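K.L.:
Show me the folded form of this:
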Amino acid sequence: MCLLIYPSASVHCASFKTDAMSDNKATIPDPAGPQIETAVKPLPFKEPTFVHSGIGGVAAGKKNRTWKNLKQILAAERVLPWQLNDPSYFNIDAPPSFKPAKKYSDISGLPANYTDPQSKLRFSTTEEFNYIRMLPTDVVTGYLALRKATSIVP
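P.N.:
Numbers count the residues shown, from 1 in each chain. Have a look, this model is predicted:
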C-alpha cells in the first residue's frame, strides 16, 4: 500500500508498517523528517467478534454448505416414512380469522363499499350501480350463485 504525502511540493511514497499498528494508529515512515502517526478507524458496521459459519472451508475441517434444488428436496421428502395421520399442508385446520372478510364488487372485482338493497349485489362505483339496476333477474341470480350468496332474489 502506498500513501502519497505532499510536503513542500515534493512527492514521497510511504508504506504502512503492519507490525506497528497498535491502538488504532499506524506509523508512516517519512524519509524527509519525523514519523507521522495516523489513526485507523474501525468500521462501525462490522462486528469484530463475528465468525462466519462458512469461513475455514475444507482446510479447517468444515464442509462447505451446498444448496439443494427443488427436485432434491421433493425426492428426500418422498423417502421419509410418512404416516396417514401426519400433518401436512392439506390437512391442517386453522381457526377462523378475526379480521372481517374483504368484499369485492360482483361486476368488476374491485373492492366494494356498497351493496344494492334490491339485488344484494356488491358494487364499487355509480356506473356499476346503474349497470346492476338494468340487469335481468336471471343474470343477478347467476352473479349471486357465483359468489355463493344464500339470499337469491326470486
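K.L.:
Now do the host helix or strand of residue 127: which elements does it pack against?
P.N.:
Per DSSP states H and E, residue 127 falls inside helix 126-134. Contact partners of helix 126-134 among helices and strands, from 3 or more C-beta pairs under 8 Å, 6 or more residues apart in numbering; DSSP states H and E: none. For the C-beta atoms, the positions are set from N, CA and C on the backbone; glycine is no exception.
K.L.:
so residue 106 makes contact with residue 120?
P.N.:
No - when contacts are counted by C-beta atoms under 8 Å, residue 106 is not listed as touching residue 120 (9.2 Å).
K.L.:
what sits in contact with each of those two?
P.N.:
residue 144 (C-beta atoms under 8 Å, 6 or more residues apart in numbering).
K.L.:
between those two, who's got more neighbours?
P.N.:
More neighbours surround residue 106 than the other of residue 106 and residue 120, with 24 against 18 (other C-beta atoms under 10 Å).
K.L.:
Can you show me the strands along the chain?
P.N.:
Ranges of strands in the chain, per DSSP state E, are 3-5, 12-14, 25-28, 36-39, 114-115, 122-123.
K.L.:
Going by mean pLDDT, which of these comes out lowest?
P.N.:
Per-stretch mean pLDDT for the strands of the chain is lowest at strand 12-14 (a mean of 46).
K.L.:
Tell me how this structure divides into domains.
P.N.:
Domains of the chain are assigned by automatic domain parsing as 3-39, 102-154.
K.L.:
need the least confident one among the ones you listed, by mean pLDDT.
P.N.:
Note on these: lowest mean pLDDT is at domain 3-39, with a mean of 53.
K.L.:
buried sites along the helix holding residue 127?
P.N.:
By neighbour count on 16 or more other C-beta atoms under 10 Å, the buried set for helix 126-134 is 128, 132.
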